[in-house]
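**Student:** how would this look folded up:
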Amino acid sequence: MRPMLLLVALTALASGCAMQPAATTAAAPADERVEVASQEGAIALEWQLPRERLDGTPLSSSDIAGYRIYIGNRPGHTGRVIAIDDPQQTRVLLRGLKPGHRYHVAISTVDREGLESPRSAESRLVAAPITEGQVAAFERERSPIQHASLE
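**Tutor:** Residues are numbered from 1 along each chain as shown. Purely as a prediction, here's the structure:
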């Protein structure tokens with residue numbers, strides 16, 4: 001029997017996505033129709049590499065193939081699954097979400113044999129508005145950005 005993988009716990013959730021005021025250069029003329037673009041929401045996730053399997057045996061980073069992030073609008077209902085194929089990646093920015101909307105997020109670990117751990121406990125998170133400057137800062141840290149819209 002192959003040992004099961006240890007659950008991955010989400011830590012520092014929804015970090016770095018605070019609202020920033022938009023810069024304006026001039027007001028639109030009163031007679032001009034202005035269409036306001038919809039604002040994008042995001043959730044930043046960060047987790048730690050698991051170090052052991054459920055049975056307590058050690059799990060080396062070379063045994064990990066990646067992770068799966070489960071995101072949904074309601075508890076226990078996954079609307080989208082995002083596969084992370086880099087086992088060293090422990091941070092991701094989920095974009096394309098509605099600002100102020102609640103999402104339920106869980107994560108699992110997948111090993112090189114294709115075994116998937118049970119999902120972590122679901123975290124209920126609120127997508128925060130995000131600016132392009134914040135997205136660029138996230139990219140500069142070499143942290144991947146995933147489109148996570150459930151629409």
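**Student:** tell me which strands and helices the strand or helix carrying G133 is in contact with?
**Tutor:** Assigned by DSSP states H and E, G133 falls within helix 132-140. If you count contacts as 3 or more CB pairs under 8 Å, 6 or more residues apart in numbering; DSSP states H and E, helix 132-140 packs onto strand 41-46, strand 91-97, strand 145-147. (Each C-beta comes from the backbone N, C-alpha and C, glycine too.)
**Student:** need those strands in a markdown table with mean neighbour count, mean pLDDT and distance to Y70, can you?
**Tutor:** Formatted as a markdown table, the helices and strands packed on helix 132-140 follow (neighbours: other CB atoms under 10 Å; pLDDT from 0 to 100; distance: least, CB to CB, whole Å):
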| stretch | mean neighbour count | mean pLDDT | distance to Y70 |
| --- | --- | --- | --- |
| strand 41-46 | 22 | 90 | 11 |
| strand 91-97 | 21 | 90 | 11 |
| strand 145-147 | 14 | 67 | 13 |
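**Student:** those strands into CSV, with extra columns for distance to A83?
**Tutor:** Below are the helices and strands packed on helix 132-140 laid out as CSV (distance: least, CB to CB, whole Å):
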stretch, distance to A83
strand 41-46, 14
strand 91-97, 11
strand 145-147, 9
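**Student:** ok, which of these comes nearest H77?
**Tutor:** Minimum separation from H77 across those (CB to CB) falls at strand 91-97, 15.5 Å.
**Student:** who are the packing partners of that closest one?
**Tutor:** Using 3+ CB pairs under 8 Å, 6+ apart: strand 91-97 touches strand 41-46, strand 64-72, strand 80-84, helix 132-140, strand 145-147.
**Student:** ok so, going back, and the helix holding G133, which residues are buried?
**Tutor:** The neighbour-count check on helix 132-140 (16 or more other CB atoms under 10 Å) flags 134-135, 138 as buried.
**Student:** need the residues you listed in CSV (columns: distance to Y70 and pLDDT).
**Tutor:** Formatted as CSV, the buried residues of helix 132-140 follow (distance: CB to CB, whole Å; pLDDT from 0 to 100):
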residue, distance to Y70, pLDDT
Q134, 24, 84
V135, 23, 83
F138, 21, 81
